[in-house]
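1. What follows is a predicted structure for the sequence shown.
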Amino acid sequence: MSKVWFVGAGPGDPDLITVKGRDLIARADAILFAGSLVSEAATRWAKVNCVIADSKGMTLEEIVVWLIAQAQAGKMVIRLQTGDPGLYGALIEMVQPLDVAGIDVGVVPGVSSAMASAAAGVESLTLPEVTQTVILTRIEGRTPMPEGESIEQLAAHHCTLCLFLSITLLKKVQQALLDAGWSPEAPVLVVHKASWPDEEKIIRGTISDIRDRCKQEKINSQAMIIASPTIGARHWPELKKSKLYDARFTHRFRRADKQV
Ligand code: SAH
């Protein structure tokens, strides 16, 4: 039976694809990739006779027609997507017509740009007694936000917010965070092209100045905004330590040291 694989290509660095994703690319007969972000991974690992196409100019319908035609021709087909296919990737819109056509589907997760951006900045998205929660979201643009999911409402949790697809609306982000009670001095991290060799840019600022800093650096696309009470923790003099490595704490793999 024919099968279409949705493979997460990772955030940009071709080495950040999973081993499973790379192995599938090496076996694929046809690959449809999503824009320039992931072309490198496709061309680097694919067979010489693999059909490789860019979906940049295609509508959803054209994408689906392409995938179905290749699969019905008995080819091993991959839809290569940026980051993880399950985040802002129109995955289900593509899977449903494949289901209707009786074509089997598999998904290989990828390193999301949210994770790559935190890694670029040597940041932890969670810290003991600071925040234990991460919200992956976006600001309202042309896609309306469901009720209860405005940035103001989500920011009221004062946890980590990773904002996709929002860099051109930084002004709105700033206002929403201030309205939710965040300090104008709260740190914000913006990472442009996280993990891209030679192209990654890391911009650090506060809620009040991050927009100007991004303007100075001409960042207006392909950027992740991370607003979090954990940003900059690497330089904090005092840190609440994780219980996992605490000598006084017993867990499955280690008994507490009674002397401590
Ligand atoms: N599925 C992808 C997200 C696709 S939506 C993932 O898991 O990362 C596209 C948005 O993702 C962009 O607007 C930007 O906010 C973010 N993005 C994608 N690649 C990025 C990168 N290398 N660096 C920073 N942000 C990135």
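-> Looks like it came in fine.

2. hey, let's count contacts and neighbours off CA atoms from now on
-> Noted.

3. Quick one: the strands in this structure, in order.
-> 3-8, 30-33, 51-54, 77-81, 104-108, 134-138, 160-164, 187-192, 201-206, 223-227 (DSSP state E).

4. Please save the CA atoms from the third one in CSV.
-> So the one you mean is strand 51-54. Taking Å, rounded to 0.1, in the frame of the first residue of the first chain, the C-alpha atoms of strand 51-54 are listed here in CSV:
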residue,chain,number,x,y,z
VAL,A,51,11.9,14.0,-7.8
ILE,A,52,12.2,17.1,-5.6
ALA,A,53,9.7,19.9,-5.8
ASP,A,54,9.0,23.1,-3.9
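
5. pLDDT on that strand, on average?
-> The average pLDDT within strand 51-54 is 93.

6. Repeat that for the last one.
-> What strand 223-227 shows for mean pLDDT is 98.

7. With the fourth one instead?
-> Predicted confidence along strand 77-81 averages 96 (mean pLDDT).

8. From what I see, P85 and V7 are in contact.
-> Yes. Counting by CA atoms under 8 Å, P85 does reach V7; the two are 6.8 Å apart.

9. overlap in contacts of the two?
-> Common neighbours of P85 and V7, counting by CA atoms under 8 Å, 6 or more residues apart in numbering, are 107-110.

10. So which of these wins on neighbours?
-> G110 (23 neighbours; other CA atoms under 10 Å).

11. show me what contacts that residue?
-> With CA under 8 Å, 6+ apart, G110 has these contacts: 7-10, 17-18, 82-85.

12. Recalculate using a threshold of 10 Å.
-> 6-11, 16-18, 21, 81-87 (CA atoms under 10 Å, 6 or more residues apart in numbering).

13. repeat for G205
-> Neighbour list for G205: 185-190, 211-214 [criterion: CA under 10 Å, 6+ apart].

14. Neighbour count for P85 and V7, which is higher?
-> V7 (27 against 24).

15. hang on, the earlier thing: name only those of the contacts of G205 that count as buried.
-> Buried residues within the contacts of G205, defined by neighbour count using 16 or more other CA atoms under 10 Å: 186-190, 211, 213-214.

16. where does the protein have its least confident helix or strand?
-> Sorted by mean pLDDT, DSSP states H and E, the helices and strands of the chain end with helix 39-45, the least confident at a mean of 76.

17. Now do the buried residues in it.
-> Those would be 39, 41-43, 45, for helix 39-45 by 16+ other CA under 10 Å.

18. Would you mind checking which of those residues is nearest to K75?
-> Of all these, K75 sits closest to A42, with 16.0 Å by CA to CA.

19. looking at it, the closest one is touching G35, isn't it?
-> No. A42 is not in contact with G35 according to CA atoms under 10 Å; the separation is 11.1 Å.

20. ok, back up a step: what would the shared contacts of P85 and V7 look like in CSV with pLDDT and distance to S195?
-> Listed next are the shared contacts of P85 and V7 as CSV, based on pLDDT from 0 to 100; distance: CA to CA, whole Å:
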residue, pLDDT, distance to S195
V107, 98, 22
V108, 98, 20
P109, 98, 17
G110, 96, 13
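
21. Could you provide the residues you listed in a markdown table, with additional columns for distance to A73?
-> What follows is the shared contacts of P85 and V7, written out as a markdown table (distance: CA to CA, whole Å):
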| residue | distance to A73 |
| --- | --- |
| V107 | 21 |
| V108 | 22 |
| P109 | 26 |
| G110 | 27 |
